[in-house]
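A.B. asks: sequence and computational prediction follow.
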Amino acid sequence: MTDFFRRPPPGAGPASPDAEQDPNRSVTPLETPAAPVSPILAPPPRPRVPTTALPAAPPPPAEAFAKPRPPPPAPLPSVIFDPMPRPRLPAPGTGVAPPGAPPPFHDDLVDVQTERRTAPPGPPADPDRRGGVAPDFDRRGGGPPAEGDRRGAAPQGDGERRGSAADRRGGGSQQPYTGPDRRGTVPPQAYSGPDRRGSRREASEAPTPNRFWPVQPRNLQECGLNATFVEELVLKAIFFAGEMRGMDVAARLQLPTTLVDEIIEGLRRQKYIDIRGGGGSGVGRSTMIYQLTTFVTEVLRQILDRNRYNGPAPVPFNEWVAAVKQQTVRGNRITRQRMQDKFGDLIIRDYIFDGIGPAMNSGRAIFFYGPPGNGKTAICQGMVNCYDGDIFIPHALLIDDFVVKMFDANIHKAVEDEPGAPAYDRRWVRCRRPLVVVGGELTLEMLDLVYTPEVKYYEAPFQMKASNGMLLIDDFGRQKVSPKDLLNRWIVPLESDIDILTLHTGKKLQVPFDVFAAFSTNLDPSDLVDDAFLRRVRYKLEVQRPDEQQFHEIFQMMCKKRGVPYDARAIDYLIDEHYKPTRRPFAACQPRDLLDQVIDMANYQGSSPRLEPSLLDAAVRSYFVRFDKPPSGPTSASAR
């Protein structure tokens, strides 16, 4: 009976020598050789199994089954975590691998891959395999790993599953990663500043690496707004317009058309808006004309009770704060050569350049004083032109569900985009650095958020609109509020670069005070300011009157600008007849004003404007008038 089980089947080769030596060992099916078949029709040989044409190899000793399999020379990652590209075989007949190919393909790799592919999912036994690359092995070729390939060796959470950079460059079939890092942007929940504004591709397209560039948002999360708020903006836009096309709604909100189309489609499903007809200019939702339905009446009343803002979608407050810091007016490098061509028609003395240059580099406040009419306001207007580049200012801000209108067309001068410039978020306006000038009309209420109950949204104060630019408080001391109260209002912003504003709900709000503030007065400074103010305003500059030579230069420049022939003898006549006898002081504004009067009188007489004594005398009589009050009786005026 025993010999029957030990005897091989008919047609089989001789039994294994080990089987004959062991009387208690039975032959397994894997050790039973297959019957001989025709070589032409024979299937390809199985790996590591001898064919009938070769003599039977002795089976491995029993110790081989107990010992672990030796690791291959190049440990490969598990396909579950990081698929390995299929190796390329050598060119037929050459035996040489093409350039850049991995090490030659051999049976050990087949066995390793088969084991790993059929292994059940779970934590691997070897901790080095988790990272995808052995610590001391470069998977691309048998040498030590490069610096960029070491990134796959350390555990990195989700990034560990994707392997190192070498695996991603292998070109194998890899499952696409669908997490938040796939596009190179920061996840919305991790946003803490303006770094969300673009992917790696978009950041590389920005003109300069350190410049603030608001990248166009692709979804509501990147806008920093929720769907309900955008839906309210769409309903208000259609309500105030009566009916609108989809592209017009997107232009009103300054949001991408695809994003607005999704919002409009959601409102249609809620039966709040309906299609009236097509625009006839294209096919798609953007050309459809939308109007409100009767189902939205009560909802729209509640929306308008909260606020009636109808304009571009606002920008979150924290994004604006980060943008102000990145577009700061502090720390510039303005030189004398750079300033000389930025003041236009002004005749500037050297001491003025030496006074305003360091102040502009610091970005701190400056105090101008001196007699009126000598160009203090014009100097500030030229100082703004010395700053290079432009900035981005949002149309509106969103602060605690309240809208604050920022952009003011009377203050902010928009600039055109250069050809080929990358796209940006149109909720921001690209414009020059602003110059905000306030004079005697300034009150303390104007320096806080201005809330209008009728429209239920805020207007930004002057200092917020002047962010990243200049704020000139002209005619200081002539405001309705006392100079002491006005100075106390500016002490904290000038000291800490932070301004404190108050919402109508009573909440205090800290906003950046990134403004180059300038105070200008023609009154006696000793009657207006105290030591505490002078300590915070570090730079003081007296704007003096022009002398006789400079008076000639200003007249010559104004004649060239007005198209009137310049005659130095006529200016000498004016000085000898109307300035020296009465000791009348010069002022930088007088050449412009007198020349304008000469032109007006010449046009009235029907003659060409020219510097003639008769026209100059008439201009002086009309311009220089001093009102003398007699002891009694009506007021009389005398020209001197």
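C.D. replies: Thanks, I have it. Note that the structure is a prediction, hence the values are computed from the model and not measured.
A.B. asks: the nearest residue in space to residue 288 that is not next to it in sequence pairs with what?
C.D. replies: Leaving aside its sequence neighbours, residue 288 sits nearest to residue 275 (CB to CB, 6 or more residues apart in numbering; 5.1 Å). To be clear about C-beta, it is placed using only N, CA and C from the backbone, and glycine gets the same treatment. Counting by DSSP bridges, residue 275 forms beta bridges with residue 290.
A.B. asks: next SSE downstream of whichever strand or helix holds residue 553?
C.D. replies: Assigned by DSSP states H and E, residue 553 belongs to helix 548-562. Counting by DSSP H and E, the next helix or strand C-terminal to helix 548-562 is helix 568-578.
A.B. asks: that next one vs helix 548-562, what angle?
C.D. replies: 120 degrees (axes from the mean of the first three to the mean of the last three CA atoms, to 10 degrees).
A.B. asks: contacting residues around the next helix or strand after helix 568-578?
C.D. replies: The element immediately downstream of helix 568-578 (helix or strand, assigned by DSSP H and E) is helix 590-605. Residues outside helix 590-605 that contact it (CB atoms under 8 Å, 6 or more residues apart in numbering): 373, 551, 554-555, 558-559, 562, 564, 574, 608-611, 615-616, 618-620, 622-623.
A.B. asks: could I have helix 590-605 exported to CSV, CA atoms only?
C.D. replies: The C-alpha coordinates for helix 590-605 follow below in CSV (Å, rounded to 0.1, in the frame of the first residue of the first chain):
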residue,chain,number,x,y,z
GLN,A,590,0.9,134.8,-7.5
PRO,A,591,2.4,134.3,-10.9
ARG,A,592,-0.2,131.7,-11.8
ASP,A,593,-3.1,133.9,-10.5
LEU,A,594,-1.9,137.1,-12.1
LEU,A,595,-1.3,135.5,-15.4
ASP,A,596,-4.8,134.0,-15.5
GLN,A,597,-6.3,137.4,-14.9
VAL,A,598,-4.1,138.9,-17.7
ILE,A,599,-5.5,136.2,-20.1
ASP,A,600,-9.1,136.8,-19.0
MET,A,601,-8.8,140.6,-19.6
ALA,A,602,-7.0,140.2,-22.9
ASN,A,603,-9.8,137.9,-24.1
TYR,A,604,-12.4,140.4,-23.0
GLN,A,605,-10.7,143.2,-24.9
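A.B. asks: in that helix, what's buried?
C.D. replies: Buried positions in helix 590-605, judged by neighbour count with 16 or more other CB atoms under 10 Å: 590, 591, 592, 594, 595, 597, 598, 599, 601, 602.
A.B. asks: okay, those in a markdown table with pLDDT and distance to residue 444 next?
C.D. replies: Converted to a markdown table, the buried residues of helix 590-605 look like this (pLDDT from 0 to 100; distance: CB to CB, whole Å):
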| residue | pLDDT | distance to residue 444 |
| --- | --- | --- |
| 590 | 93 | 35 |
| 591 | 93 | 38 |
| 592 | 93 | 34 |
| 594 | 94 | 39 |
| 595 | 95 | 40 |
| 597 | 94 | 39 |
| 598 | 94 | 43 |
| 599 | 95 | 42 |
| 601 | 93 | 45 |
| 602 | 93 | 47 |
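A.B. asks: redo those residues as TSV? Include distance to residue 546.
C.D. replies: Below are the buried residues of helix 590-605 laid out as TSV (distance: CB to CB, whole Å):
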residue	distance to residue 546
590	9
591	9
592	12
594	14
595	15
597	19
598	19
599	22
601	24
602	25
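A.B. asks: which one of these is nearest residue 384?
C.D. replies: Nearest to residue 384, judged by CB to CB, of the buried residues of helix 590-605 is residue 592 at 20.7 Å.
A.B. asks: show me where the stretch 301-450 of the chain has helices.
C.D. replies: Assigned by DSSP state H, counting those that start in this stretch, the stretch 301-450 of the chain shows helices spanning 317-326, 336-339, 350-362, 376-384.
A.B. asks: what's the closest of these to residue 403?
C.D. replies: Among the helices of the stretch 301-450 of the chain, the nearest to residue 403 by CB to CB is helix 317-326 (10.8 Å).
A.B. asks: which other helices and strands contact that closest one?
C.D. replies: When contacts are defined as 3 or more CB pairs under 8 Å, 6 or more residues apart in numbering; DSSP states H and E, helix 317-326 packs onto strand 391-394, strand 396-399, strand 508-512.
A.B. asks: note down every partner strand of the longest one and its orientation.
C.D. replies: Within its sheet, and counting by DSSP bridges, strand 508-512 is paired with strand 498-502 (antiparallel).
A.B. asks: ok, back up a step: so which of the helices and strands packed on helix 317-326 is the most packed in?
C.D. replies: For those, the largest average neighbour count (mean count of other CB atoms under 10 Å) is found in strand 391-394, namely a mean of 25.
A.B. asks: show me what it packs onto, helices and strands only.
C.D. replies: Contacts defined by 3+ CB pairs under 8 Å, 6+ apart place strand 391-394 against helix 317-326, strand 428-431.
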